[in-house]
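Compute the structure for the input listed below.
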Amino acid sequence: MGSRPLGHHPDRRTTYRLKNKEQTTFKKESFVDQIAFSIDRALHEIIHAIQTFPKAAMFALAEDGYDSLFEQLVACIISIRTFDEVSLVAARRLFTLARTPEEIAASTPSAIDERISETTFHERKAAQNRCHASASESSPGSWTMSLTLLRRSVGGWSSIASVSRPRG
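Residues are numbered from 1 along each chain as shown. A predicted model of the protein is given here:
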């Protein structure tokens, strides 16, 4: 009255009938069946596989010289809910108009919006970037991004630090 095997499946499952119910169990792989896994080899394969893909927008902008904290914050806001392919072009277009907090603050919201219009929620992003620029104008001389301002911004403020370099 115990269980009886109904069949052995090629995917290592065995089905048993128990009191008019079927139950499937999986056989454990033996030590011989296991394949050795090398993390070094796996990472090498991953690095090789991703070389064909373009860099993330924030890193591409940093390589192009848009690496101040303010520029990275503006680009990060632009990139929210927007594909990198779109946000990269929009950020570059905005930076041809203005790259510093003073230049962004002096621009009209419609001029900023015109440069980033392909992005999602572009009207809100234009206003937000101008707001951050205006807030930074209170700091005389070279602009220093405060942690408070970064935390107030929408988006991945912590990721900005990884691609930005400090300005003196």
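
all strands of this structure, in order?
4-8, 13-18, 21-26 (DSSP state E).

So this structure: which segments form each domain?
Per automatic domain parsing, the structural domains of the chain span 4-33, 57-163.

and the ones you listed, which one's lowest on average pLDDT?
Here these differ in mean pLDDT, and the lowest is domain 4-33 at a mean of 54.

Which positions within stretch 49-59 qualify as buried?
Using 16 or more other C-beta atoms under 10 Å as the burial criterion, the residues of stretch 49-59 that qualify are 57, 58. The C-beta positions use only the backbone N, C-alpha and C, and glycine is treated the same way.

Equivalent analysis for stretch 121-134, please.
Within stretch 121-134, the residues that count as buried by 16+ other C-beta under 10 Å are 122, 125, 126, 128, 129, 130, 131, 132, 133.

okay if I get these as JSON lines plus distance to residue 44?
Supplementary listing: the buried residues of stretch 121-134 in JSON lines, determined by distance: C-beta to C-beta, whole Å:
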{"residue": "122", "distance to residue 44": "41"}
{"residue": "125", "distance to residue 44": "39"}
{"residue": "126", "distance to residue 44": "43"}
{"residue": "128", "distance to residue 44": "41"}
{"residue": "129", "distance to residue 44": "40"}
{"residue": "130", "distance to residue 44": "46"}
{"residue": "131", "distance to residue 44": "45"}
{"residue": "132", "distance to residue 44": "41"}
{"residue": "133", "distance to residue 44": "44"}
